[in-house]
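K.L.:
This is a predicted model, with the sequence first.
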Amino acid sequence: MTTTLPLNSGAQIPQIGFGTSQAADAASSVAEALRAGYRHIDTAQMYGNEAGVGEGVRASGVPREEVFVTTKLNNGHHAPADVHRTFEESLNRLGFDYVDLFLIHWPLPFLETDYVETWKAMLELQDSGRARAVGVSNFQPEHLERVIEATGVTPAVNQIEVHPYFANDELRAFCRERGIVVAAWSPLGKGAELSDPVITQLAEKHGRTAAQVILGWHLQRGDVVIPKSDNPERIRANRDLAGFELPAEDLAAITALDKGEAGRRSPHPNEFGK
Ligand code: A2P
């Protein structure tokens, strides 16, 4: 059983996805993840592994239409013509005739091409049916407000950095108020937060792995997660969360680990790509 969340496009997104950023061998880890029951795979033009992701989906034997696949527009491709051209290239590399979700990877507000123009091109792809839903990643409130105001269309998803050391709660609340699903990238803080004593103590208390404790916290906050792993055992364990509920005081103890801006693992989105 996979829990799904409704998108404003009418589609459903599985709350637990499989991340492929920095995957050692995307084809084999994606096939492993699908065999383990994941039904949502996250890739990007930037990761250079879309061909491997497509290969992994086919190798798994799981029908394409049962898998929710996301890819993202790379940073050099914000001009509307490049959105169209590179989207076609992504489909070719994946070997699919549609993706479930296409995201603008970073806002790059300092570029000559205004991301509002990029967003309009994304909406054309949605109209074509080959991107079944469209959204953004790493967008801050001011970026979201501009694209919504200019087009009247709200991104289905904002994929942003969220993990215990960077809870990102203001931006999450902003998205929630507008019906934008939040997907948490680096949900485990790239693995670095697994050894935090609060996390390891909760893992011991509940007889769970540290990763399951952190992922459970995300799920109970209502976000999508896309943990990455190269290891088959960890791939399986990271989605083995059915029936796991942290009590409110344990959720609060994890949220209290938030270090605010100091907890980011990546530059502020207004600086990224400069
Ligand atoms: P590995 O691929 O060797 O499992 P994030 O998704 O936050 O970016 O974190 C990914 C990092 O966390 C990777 O280094 C991954 O290493 C590690 N990781 C993922 N799942 C687990 C787990 N269950 N236990 C320990 N480390 C994990």
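P.N.:
Received the coordinates, thanks. Numbering: from 1, shown residues only.

K.L.:
Would you tell me what helix or strand the closest residue to T154 other than its chain neighbours is located in?
P.N.:
Spatial nearest neighbour of T154, excluding adjacent residues (CB to CB, 6 or more residues apart in numbering): I148 at 5.3 Å. Quick note: C-beta positions are derived from backbone N, CA and C, even for glycine. Under DSSP states H and E, the secondary-structure element containing I148 is helix 141-151.

K.L.:
coming back round to it: ok, the residue nearest to T154 - how many residues close by?
P.N.:
The local packing of I148 (other CB atoms under 10 Å) involves 16 other residues.

K.L.:
helices or strands up against the helix holding I148?
P.N.:
helix 115-128, strand 134-137, helix 169-177 (3 or more CB pairs under 8 Å, 6 or more residues apart in numbering; DSSP states H and E).

K.L.:
which of the ones you listed sits most buried?
P.N.:
Neighbour counts averaged per stretch over the helices and strands packed on helix 141-151 are highest for strand 134-137, at a mean of 25; criterion: mean count of other CB atoms under 10 Å.

K.L.:
Direction included, what does it pair against?
P.N.:
Paired neighbours of strand 134-137 in the sheet (DSSP bridges): strand 101-104 (parallel), strand 157-161 (parallel).

K.L.:
Is the most far-flung residue of the chain relative to its centre part of a helix or strand, or is it coil?
P.N.:
In terms of distance from the mean C-alpha position of the chain, K205 ranks first, at 28.9 Å (CA atoms, centre = their mean). On the three-state scheme (DSSP: H, G, I helix; E, B strand; the rest coil), K205 is labelled helix.

K.L.:
if I look at it, how far off is E245?
P.N.:
Taking CB to CB, to the nearest Å as the measure, K205 falls 13 Å from E245.

K.L.:
same question, V153
P.N.:
When distance is defined by CB to CB, V153 is 36 Å away from E245.

K.L.:
Who has more neighbours out of those two?
P.N.:
V153 (16 against 12).

K.L.:
Please tell me the pLDDT value assigned to the residue lying closest to E55 once chain neighbours are set aside.
P.N.:
Of all residues beyond its chain neighbours, the one nearest E55 is A27 (4.2 Å), with distances taken as CB to CB, 6+ apart. Here, the pLDDT recorded for A27 equals 98.

K.L.:
ok now do Q12, which residues does it touch?
P.N.:
Under the criterion of CB atoms under 8 Å, 6 or more residues apart in numbering, the neighbours of Q12 are 4-6.

K.L.:
give me the beta-bridge partners of it?
P.N.:
With DSSP bridges applied, Q12 shows beta-bridge pairing to P6.

K.L.:
Can you name the residue of the stretch 51-200 of the chain nearest the ligand?
P.N.:
When CB to the nearest ligand atom is the measure, the stretch 51-200 of the chain has its nearest residue to the ligand at G191, with 2.9 Å between them.

K.L.:
Appreciated, that's everything.
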